[in-house]
Structure formats: structure tokens, C-alpha cells
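Enquirer: Okay, sequence plus prediction incoming.
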Amino acid sequence: MTSTVFRPYTLPCGQVLKNRMVKAAMEENLANEKQHPGPALFNLYDAWAKGGVGLIITGNVMIDHLAMTGPGGVVLEKDSDIKPFEHWANIAKQDGCKVWMQINHPGRQVYKRMGGKVLSASNVALNLGKHSTLFGQPSAMSESEILDVIERFATTAKLAESAGFDGVEIHAAHGYLLAQFLSPLTNKRNDEWGGSIENRARLLCKVIEAVQAKCSDTFALAIKLNSADFQRGGFDIDDASKVIDMLANYQLDMIELSGGSYEAPAMQGKTADQRTLAREAYFLEFAEVIASQSSTPIMTTGGIKRLSVAESVIAKDIALAGMASALAYTPDLVHQWVSEPEKVGEIPAVAWKDKTLSGLANMALVKRQLRRLGAGKKVKPSASPIWSLLVDQIRTRKLTKRYRNLYQNEIN
């Protein structure tokens, strides 16, 4: 009997995914010197497209070159060269795979040494204890800045469709800009963009409306949303349920449920409010509750590395199961499950006392594998977290210098 994971799935827009496994987004930092996709990303996505998943969601593609999650990020805006994006889409669509572009704005989660725009719903800075100085002090966004962001999301989505991508996923989780508007911890506004959950969700809704106005009905549209921030007083499952009820009117193709932020990296299995997450499928409990109430297909991502766990996700009426870190170490894990269903993927788990450094080390380990795949090399599961973190910090400094040189006339 064929596993439920390997059965096709039809989305509301009519797209058919060949199976229900998704390569979820990861921070890659592999853009070329023009902030475009290049050989490293082409090699990486070639491995994933041939690895067996039904859908690939790209790592962050930024809607504004002056608002970046990292210095090696990809940017797609109105003046970008579309050709490398066309090539990227073609590579990712091999073997019947679909590819969606994740589009994002970091808001306040911009490293201070990067410069550029550090914007948010309010002027609430990141609280990372002694590491807080790594990030800039945000400014509360003006009405014109809010409208500019809405237009940028729509423009990037339309360009993604023109380049051949099958859809976009709007990132409204993990503490980035749209999540900052949703959270009462970061949104202290008293205008139409703050206060009630309806007002805090207004920016997300306006972005969705702008994207739908520019893109075709067959172009998939998904949202990545926190099930919870996992911080006391933050965006929680009740808020998530209300937002998802509001989003039902837009007939979205999928809502991906994740959780956490830089301050509480629940997407790595860690919280800041003492709640305990499952060892795998971190957010399944939350997703199950929401899926039972939602008319929109739900996807959950976080810690999946075994076929049996992916099957348990699907058994809970979750439409799609996403994997990220496990596919950095074993890009063809889904293919391997066909003949070796007991195969267990690998996910790094650094558990240092300093939670911020642990999170950075986990990310560095994953990005090290992505760089190796991008260079056509085999992964290195035995990589040292300390060494990987050091190498990543050195590389980030070099990329930051490259970025600042590229935009030196625009960065403050």
C-alpha cells in the first residue's frame, strides 16, 4: 500500500503536487554578488528537485534590497534582472516538482552592521540580552512606508510569476515584519494598523489583496504564520485561529504553521515561555487544532526527519508536511524513504547554555551543508558546531562588506 505521504494533492488553485512532502524554506545566504540566484543556488535546488519532494519553497527572497535578513540574501524587485530567476525556477521544477518563492521583509530583524532600513510596527527593539546590540534600533513605520511595503510584496510576487515560479509564500512568521505587526509585543500602535487583532492583521490582509490583484488565479498563494510566538504576552494560538478565520475569505492555497522568532527560536525546538515542544513535528499539536477549524489547507514544518512522523502529520488532516534542516543533510531523503522507509534524517541539535549562540550554531551547521551542496560537494554530518559558527561569522562579515560596497550610496 502506498504511503499517504506519496499520494498527489490538489491545491485550491488547481495545481497538483506529486506528493505531500515539501522542502520548507531555510536561510541560505547563497546569492551572487548582484544579490541574484547563481551557480550555488542552482546546484542546491537541482539536488532538492531530484530529491523526491512534491514542492520546494525557496529560502527568503527579499522585497527590498535595503531591508535584508542577511548579506547573502536574494533580492527580487522591480529593476531586477529576471533571467537568473527564470533559470532558478526551471531547475527547481525538474522531475515534476513545483516551486514557490518565499517573499519577505525583515522589519526590525536587521543586523546593525548591515545598515539600511530597520523598520517595524513600533520602535520596540529586539531583546536578546547581551546579544541585543547585534541588531539595529527600529523606527515605527509611517503610512507611506507601510504602503510601500504592500506594493513591494505585490511587485515581487508578480515578478516571481513572470519568472516561472508556481506560487509565492508570504512570510508572516518568525518575528519578521508581518509577524511584528501581528504580535502585541511589537505592535504598540494606536492607529488602524494596531490594537485589536483585526487591526494588527490589516497589513497582512492588504499584502494578500495586493498580490492577488497582480497575479493570476492559477498562481499559488500561501502564508507562513506562527502558531505562537512562544513568548509571554505574544501572538498565540487564539490569535492564530482568529487570523486564519480572517484569511478564509481569500481562498489561499495553503497556510504553513511554524512558530517562534529570533527571541524564542521555536522553529529550532526552543521556546521562551517554558512550553515544551515535541521532539519531532514541533507544531503538530497546534496545527491539528487549527486544521480542524480551517477551510484552508494547512502545512506544518519543524523537526520532521522520519517517514512515520510525516505520516502522522498527514493522518491529522494536515494537507502537507514540510521538512527543512533534514533536507540540508539528506537532500534526497524523500526518495530514500520509497525503498528505505525506516531511514532517519539528521537535524543538528546544539544545546549550549547560551540560547542565542545555540540558535546561531544550529543555523551555521545547516548553512554549512547548504554551501557544500551548492559547491557540488557531499554534506559533512560530523561538522563541529563551534568551527561552523566561526566560519559562518567570518563569511557573514565578508558578505556584509560586499553588500555595503554594492549599496554604499544608499546605506546610512
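Expert: Nice, I can see it.

Enquirer: where in the chain is pLDDT low?
Expert: 1, 228-234, 260-283, 412 (pLDDT under 70).

Enquirer: how about the helices in it?
Expert: Secondary structure of the chain by DSSP state H: the helices cover 39-49, 83-92, 143-163, 177-182, 197-200, 202-214, 237-247, 284-291, 307-315, 325-329, 333-339, 355-374, 385-406.

Enquirer: Adding distance to Ala25, write these out as TSV.
Expert: (C-beta placed from N, C-alpha, C; glycine too.) As requested, those are exported to TSV (distance: least, CB to CB, whole Å):
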stretch	distance to Ala25
helix 39-49	12
helix 83-92	13
helix 143-163	14
helix 177-182	14
helix 197-200	23
helix 202-214	17
helix 237-247	19
helix 284-291	17
helix 307-315	17
helix 325-329	11
helix 333-339	17
helix 355-374	12
helix 385-406	18
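
Enquirer: so which of the ones you listed gets nearest Ile298?
Expert: Nearest to Ile298, of all these, is helix 284-291, at 4.3 Å by CB to CB.

Enquirer: Check which residues of the closest one are buried.
Expert: Leu284, Phe286, Ala287, Glu288, Val289, Ile290, Ala291 (16 or more other CB atoms under 10 Å).

Enquirer: Show me what it is in contact with.
Expert: 227-228, 237, 240-241, 244, 257, 259, 278, 298, 300, 312-313, 316-319 (CB atoms under 8 Å, 6 or more residues apart in numbering).

Enquirer: Let me know the angle separating that helix from helix 237-247.
Expert: 40 degrees (axes from the mean of the first three to the mean of the last three CA atoms, to 10 degrees).

Enquirer: and the angle for helix 284-291 with helix 307-315?
Expert: Using the same axes, to 10 degrees: helix 284-291 against helix 307-315 is 20 degrees.

Enquirer: Give me the distance from helix 284-291 to the chain's centre.
Expert: Computed by CA atoms, centre = their mean, to the nearest Å, the chain-centroid distance of helix 284-291 equals 19 Å.

Enquirer: CA atoms only: put it into PDB for me.
Expert: Extracted in PDB, the C-alpha atoms of helix 284-291 (Å, rounded to 0.1, in the frame of the first residue of the first chain):
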ATOM      1  CA  LEU A 284       1.600  19.400  15.100                       C
ATOM      2  CA  GLU A 285      -0.500  19.800  18.200                       C
ATOM      3  CA  PHE A 286      -1.200  23.400  17.200                       C
ATOM      4  CA  ALA A 287      -1.700  22.600  13.600                       C
ATOM      5  CA  GLU A 288      -4.200  19.800  14.400                       C
ATOM      6  CA  VAL A 289      -6.400  22.200  16.300                       C
ATOM      7  CA  ILE A 290      -6.300  24.800  13.600                       C
ATOM      8  CA  ALA A 291      -6.700  22.400  10.700                       C
END
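
Enquirer: Filter the contacts of helix 284-291 down to the buried ones and hand me the ChimeraX line.
Expert: Only the buried entries of these go into this ChimeraX selection, using 16+ other CB under 10 Å:
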select :227,228,237,240,241,244,257,259,298,300,312,313,316,318,319
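
Enquirer: hmm, back to that, Ser122 is nearest to which of the helices of the chain?
Expert: That would be helix 177-182 among the helices of the chain, by CB to CB, at 8.2 Å.

Enquirer: Which strands or helices does the closest one pack on?
Expert: strand 119-120, strand 167-172, helix 197-200, helix 202-214 (3 or more CB pairs under 8 Å, 6 or more residues apart in numbering; DSSP states H and E).

Enquirer: one step back: among the helices of the chain, which is nearest Arg20?
Expert: Per CB to CB, nearest to Arg20 of those: helix 307-315, 5.9 Å.

Enquirer: Count the residues that sit near the residue nearest to Ala154 when sequence neighbours are not counted.
Expert: Of all residues not flanking Ala154 in the chain, Ala210 sits nearest, at 3.8 Å (CB to CB, 6 or more residues apart in numbering). Other residues near Ala210 come to 20 when the count uses other CB atoms under 10 Å.

Enquirer: if I look at Ala210, how far off is Pro341?
Expert: In this structure, Ala210 and Pro341 are 43 Å apart, going by CB to CB, to the nearest Å.

Enquirer: And for His131?
Expert: 41 Å.

Enquirer: Please say which of the two ends up with more neighbours.
Expert: Ranked by neighbour count (other CB under 10 Å), His131 and Pro341 place His131 first, with 16 against 13.

Enquirer: Surely the more buried one and Gly359 touch.
Expert: No. Here His131 does not reach Gly359: they are 9.9 Å apart, not a contact under CB atoms under 8 Å.

Enquirer: For beta bridges, what are the partners of the closest residue to Asn60 other than its chain neighbours?
Expert: Residue nearest to Asn60 in three dimensions, not counting chain neighbours: Asn104, with 4.6 Å by CB to CB, 6+ apart. Here Asn104 sits in beta bridges with Met62, as judged by DSSP bridges.

Enquirer: quick revisit: if you compare the helices of the chain, which one is most tucked away?
Expert: helix 177-182 (a mean of 27; mean count of other CB atoms under 10 Å).

Enquirer: quick one, phi psi at Ser216?
Expert: Per-residue torsions, Ser216: phi -80, psi 160 (degrees, to the nearest 10).
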